[in-house]
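Q: please work out how this folds:
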Amino acid sequence: MFKNKVFRNQQLKFMLFNLIAFTVIFSIFGIIIFGQVQGTLFSKTDDELLRFKQMMEEQFPGEMKLEPDRGTEFPDEPRPDDRKGFEINPRIIMLSWNESGEIVNQNQIGTLFYNNYLEDYQLEVENMDVITNITFHDEYDFRYLLFEDQNESDEIAYHQLLINIDGETAIIDHFGELLVLCSSIFVILSISASYLLSKKMMKPIIQSWNKQTEFVENASHELRTPLTIIQNKLELLLVEPDEKIMNKFENIALSLSETRRLSKLTSDLLTLARADSAETELVKQPLVLDRFIKDVCAPYIEIAESQEKQMWLNLHAQAEVKGDEVRLHQLFVILLDNALKYTNEGDSIGVSTSISDHKALIEISDTGIGIKQENADKIFDRFYREDRARSRETGGVGLGLSIASWIIAKHGGTIKASQNKQKGTTFTITLPM
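A: Numbering: from 1, shown residues only. Predicted coordinates for the structure are as follows:
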């Protein structure tokens, strides 16, 4: 119950983090897009105002007039040689102001427009030479540019160029609404995406948690047995302190045996813990494979003979592999120990090498009790033992093959177990050359 609550809380945190990240990204993206669209729409109108101002300052100083009968903002027709290819935007309206803040070109801009929108309009000189937005009657939007008149001989003090931007404003408003709608949809979708991502992120955490829990439980169980045996035997020795050692030889021998087993178990657990944390780095160097295997197998040949078992070598690789000598030695010790443990008198153990597809192929086979085919992949799991009763007799705890699998993986190779054609087990190893 506690574990599920922890997982739910962690998944909720992941979901909130993902949702916040998505929301921030969508918000920033929307702001950038909106700003770019707005700037692009107004860039042409602003350019028209600036060009009109430049034309007035350079080509028509003090002579700019609007035709009174048009009711629009067209200037008097300049001479053909004065136009220089410039075309005036018909949307531009020019207001001329005197020092008293009065419009002096009312007739040129049209009586209807003036009476409806400009009669109560007050001049504001704070935004001089700056393109500014203005709204008339809370309905019609304009951008204007206010600048000083360069002709000192007339009564005009300022010129104000206005251009209607109702179309641009409508587009921006519509685009803003569309952007808000799309952002809302994206936020809703991001909630679903955040949930799915958080659920996916929790999978390796849950798997790691379960593996860790299983590892601790199995390790505790395996440690508890030898510790209990040692404790019991030592307590028996304390009960009879005057007894001679030879009379308690079995108790002492069993305690030493369990101590060695406990030491090996602790060493294996430490190896796997370092493997999980990626602390163990391999020191790879060139190794002549056949010679290396021959040296490793030499003492096991003698052990096999003492147990009335046959051990043979068939080494034909004649190649070098790059590997960690200590770890590869540990690998073969694990496999050869298993072969000796699970074979009986008269059985045979063989080691053969060859080259296949530019890889070194190593086979360690025996004619022992073998494994079931359905358990061939499970034997590399930690603490897995096909026959727990027999493993207890042989001193196995189910960690050796897990370490062997890790060593092979660190070397970029593969290892698999299969049944012999007759009886027993064959471990097939491939190592890159």
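Q: pLDDT score assigned to L254?
A: You'll see L254 listed with a pLDDT of 84.
Q: and the helix or strand containing it, how far from the chain's centre?
A: With secondary structure defined by DSSP states H and E, L254 is part of helix 249-276. When C-alpha coordinates are averaged (C-alpha atoms, centre = their mean, to the nearest Å), helix 249-276 and its chain have centres 40 Å apart.
Q: what's the following helix or strand after it?
A: Next in sequence after helix 249-276, counting helices and strands by DSSP H and E, comes strand 285-288.
Q: past that next one, which element shows up next along the chain?
A: Tracing the chain C-terminally past strand 285-288 and defining elements by DSSP H and E, one meets helix 289-306 next.
Q: buried sites along that following helix?
A: L289, D290, F292, I293, V296, C297, Y300, I301, A304 (16 or more other C-beta atoms under 10 Å). No exception for glycine: its C-beta is placed from N, CA and C like everyone else's.
Q: looking at this protein, which helix or strand is least sure?
A: Across the helices and strands of the chain, mean confidence by mean pLDDT, DSSP states H and E is lowest for helix 80-83: a mean of 43.
Q: can you name the element that comes right after that one?
A: Tracing the chain past helix 80-83, the next element assigned as helix or strand by DSSP H and E is strand 92-97.
Q: what is the mean pLDDT for that next one?
A: If you average the pLDDT over strand 92-97, you get 86.
Q: distance between that strand and the chain's centre?
A: A distance of 60 Å separates the C-alpha centroid of strand 92-97 from that of its chain, computed with C-alpha atoms, centre = their mean.
Q: point out where this structure drops to low pLDDT.
A: For the chain, residues meeting the criterion pLDDT under 70 lie at 1-3, 59-88, 218, 221, 277-279, 386-397.
Q: could you chop this structure up by domain?
A: For the chain, the domain assignment from automatic domain parsing gives the residue ranges 2-174, 285-432.
Q: now these in JSON lines, with distance to A219?
A: Compiled in JSON lines, those are given as follows (distance: least, C-beta to C-beta, whole Å):
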{"stretch": "domain 2-174", "distance to A219": "19"}
{"stretch": "domain 285-432", "distance to A219": "8"}
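Q: tell me the most buried of these?
A: domain 285-432 (a mean of 17; mean count of other C-beta atoms under 10 Å).
Q: what's the end-to-end length of that domain?
A: Looking at domain 285-432, the gap from its leading to its trailing residue is 13 Å under the measure C-alpha to C-alpha, to the nearest Å.
Q: and what of stretch 364-375?
A: So stretch 364-375: terminal residues 18 Å apart, C-alpha to C-alpha.
Q: next: stretch 102-122.
A: One end of stretch 102-122 sits 8 Å from the other (C-alpha to C-alpha).
Q: check stretch 347-366 too.
A: Using C-alpha to C-alpha, the span of stretch 347-366 from its first residue to its last is 7 Å.
Q: quick one on the thing from earlier: helices or strands up against the helix holding L254?
A: Using 3 or more C-beta pairs under 8 Å, 6 or more residues apart in numbering; DSSP states H and E, the elements in contact with helix 249-276 are helix 166-239, helix 400-410.
Q: nearest the middle, which residue of the chain would you pick?
A: For the chain, the residue whose C-alpha lies nearest the mean C-alpha position (C-alpha atoms, centre = their mean) is M201; its distance is 10.0 Å.
Q: residues in contact with that residue?
A: Under the criterion of C-beta atoms under 8 Å, 6 or more residues apart in numbering, the neighbours of M201 are Q11, F14.
Q: which non-adjacent residue is nearest Q38?
A: I172 (5.6 Å; C-beta to C-beta, 6 or more residues apart in numbering).
Q: since that was my last question, I'll sign off now.
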